[in-house]
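K.L.:
fold the following.
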Amino acid sequence: MLTRRLSNFVLRVLFKLLLKLEVLGLENVPLEGPLILMINHVNFLDPVLAGGIMPREVVPLSKAELFRHPILGILVRLYGALPVRRGKVDRWALRRSLEVLRRGEALLMAPEGTRSHVPGLQRGRNGMAYIAVRAESPILPVAIVGGDKFFYNLKRLRRTPIKVIIGKPFRFSSGEGRVKRERLRKLTEEAMYQLAALLPPEYRGVYSDLSSASTSFLVFE
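P.N.:
Model (predicted):
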């Protein structure tokens, strides 16, 4: 999409002006085929960063309320984001997400479902695991550290140090028939621990005890 490529160019210029950005693990990004980018979400900057630095185009999921904003609504539409209604099963968003992946594109999701406003991870929701299983898509964990200081530094005309750590892609191991809620919960927890392992301790939140992590349902690429 031309507007997305143009937007990414503008974003990368802004990143250089406003941030001291360090990106680790960019070589882990599959350059083609379906892919789910899984990010932690402290503030608005996280999905913008994750999408803007990728060496391929990314379709982000954004909260539906954002599309009603007089200015931001125009920007997210031009970028090609998909609206999702929070707090309920949004079947339209699920279908569109599956279509993106079945076309071999990349989809950006925050499995916490909303911004935490504090560094610590919240409990992940099952939507990402459901989509990944249905689309048989790999997941790429992308950890973002430092965005919570952005507005504090901006008011003082300082560039904000931000580190983005990209982990190894993985898939969920195939199961038999329909995936039940209990299995989705386990898949979600295993995926969230992969994200937590990339983050410093103060950002891990409810996933701070990495000794509880399991990879019994994960297959690494």
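K.L.:
please name the residues that touch the residue of the chain most remote from its centre.
P.N.:
Going by CA atoms, centre = their mean, the residue of the chain most distant from its centre is Arg156, 28.6 Å out. Shown in contact with Arg156 (CB atoms under 8 Å, 6 or more residues apart in numbering): no residues. (Glycine included, C-beta is placed from N, CA and C.)
K.L.:
would you mind measuring from it to Lys149?
P.N.:
The gap separating Arg156 from Lys149 is 10 Å, by CB to CB, to the nearest Å.
K.L.:
what about Pro111, distance to Arg68?
P.N.:
Pro111 is 24 Å from Arg68, where distance means CB to CB.
K.L.:
also Lys186?
P.N.:
36 Å.
K.L.:
which parts of stretch 181-188 are buried?
P.N.:
By neighbour count with 16 or more other CB atoms under 10 Å, stretch 181-188 contains the buried residues Arg183, Leu184, Lys186, Leu187, Thr188.
K.L.:
now that stretch, how far from the chain's geometric center?
P.N.:
With CA atoms, centre = their mean, to the nearest Å as the basis, stretch 181-188 stands 19 Å off its chain's centre.
K.L.:
then stretch 129-138?
P.N.:
With CA atoms, centre = their mean, you get 14 Å for stretch 129-138.
K.L.:
export it as PDB, just CAs?
P.N.:
What follows is stretch 129-138, C-alpha atoms only, in PDB (Å, rounded to 0.1, in the frame of the first residue of the first chain):
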ATOM      1  CA  ALA A 129      -3.600 -17.400  19.900                       C
ATOM      2  CA  TYR A 130      -7.000 -18.100  18.200                       C
ATOM      3  CA  ILE A 131      -6.000 -16.200  15.100                       C
ATOM      4  CA  ALA A 132      -2.500 -17.800  15.000                       C
ATOM      5  CA  VAL A 133      -4.000 -21.300  15.200                       C
ATOM      6  CA  ARG A 134      -6.700 -20.700  12.600                       C
ATOM      7  CA  ALA A 135      -4.200 -19.100  10.100                       C
ATOM      8  CA  GLU A 136      -1.400 -21.500  11.000                       C
ATOM      9  CA  SER A 137       0.800 -18.400  11.200                       C
ATOM     10  CA  PRO A 138       4.100 -17.900  13.000                       C
END
